[in-house]
Structure formats: C-alpha cells, structure tokens
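Asker: got a predicted model here, sequence first, then my questions.
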Amino acid sequence: MKAELKDGYLTISASTGSTSEQKDDKGKYVRRERFVGSCSRAFYVGEAVKQEDIKAKFENGTLVLTVPKKVQQPVVEENKYITIE
C-alpha cells in the first residue's frame, strides 16, 4: 500500500498477488493459479495541505488517514469609493 501527495491530490494505491498450487502423488502439477490485482483512488485535498500534516495508520485492517481541514479566510469586500470634486 502506498500514499502519495502531489499537486494537492492525495493518491492511495494498493496491490495484491497470490499463488495457489495443487500437485498429484507424483509431484506433477494438477492446478496452478495466480491472481494479481491493484487499485488506486485520488482525492483533492488542496494545495495548502503539506505531507507532514497528513497522518496514516492501520486500525483493525482498515487504513485510517487524518487530513487537516484548511479553513479559508472569508474574503471581505471593501467598498471602494471614488471622490467627486
């Protein structure tokens, strides 16, 4: 499993693989199976989030990511007056 932060996107990717074999009494293969799978998911977390801010851990087989929410300051509109002479 891998987590990567790039250009404001947090990408989680994982891959798995397994092999199953079954032999007869003489040691010849009767059945051999291989399985390989991978998946990834990307989330936009914003440009202000840094790699040091993100915490990740496994809890009971579940990946838990903690990403702080960066609160944007509300834009206050200033009234701009033109003086009339």
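Answerer: Arrived safely. Numbering: from 1, shown residues only.
Asker: next, count neighbours for Leu65.
Answerer: Look at Leu65: counted by other Cβ atoms under 10 Å, it has 13 neighbours. Heads up, the C-betas are built off the backbone N, CA and C, glycines and all.
Asker: that one: what's its closest spatial neighbour, skipping adjacent residues?
Answerer: Closest residue to Leu65 apart from its sequence neighbours, by Cβ to Cβ, 6 or more residues apart in numbering: Ala56 at 5.1 Å.
Asker: can you tell me the helix or strand for that neighbour?
Answerer: Element membership for Ala56, per DSSP states H and E: strand 55-59.
Asker: helix, strand or coil for the residue nearest the centre of the chain?
Answerer: If you average the C-alpha coordinates of the chain and look for the closest C-alpha using Cα atoms, centre = their mean, you land on Ile12, 2.4 Å from that point. Classification of Ile12 into helix, strand or coil gives strand, according to DSSP: H, G, I helix; E, B strand; the rest coil.
Asker: in this structure it contacts Lys2, no?
Answerer: Yes: here Ile12 lies in contact with Lys2, judged by Cβ atoms under 8 Å, at a distance of 7.5 Å.
Asker: what's the first-to-last distance across stretch 70-85?
Answerer: 45 Å (Cα to Cα, to the nearest Å).
Asker: mind pulling up the pLDDT for the residue nearest to the centre of the chain?
Answerer: On pLDDT, Ile12 comes in at 93.
Asker: Gln73 too?
Answerer: According to the prediction, Gln73 has pLDDT 69.
Asker: cool, Glu77 as well?
Answerer: Note on Glu77: pLDDT of 76.
Asker: so it belongs to a strand, correct?
Answerer: No: membership of Glu77 in a strand is not supported by three-state DSSP, which gives coil.
Asker: burial count for the residue nearest to Leu65?
Answerer: Using other Cβ under 10 Å, Ala56 is surrounded by 13 other residues.
Asker: now swap in the one 4 residues further on and tell me
Answerer: Neighbourhood size, Asn60 [other Cβ under 10 Å]: 5.
Asker: got it, and Leu5?
Answerer: Look at Leu5: counted by other Cβ under 10 Å, it has 16 neighbours.
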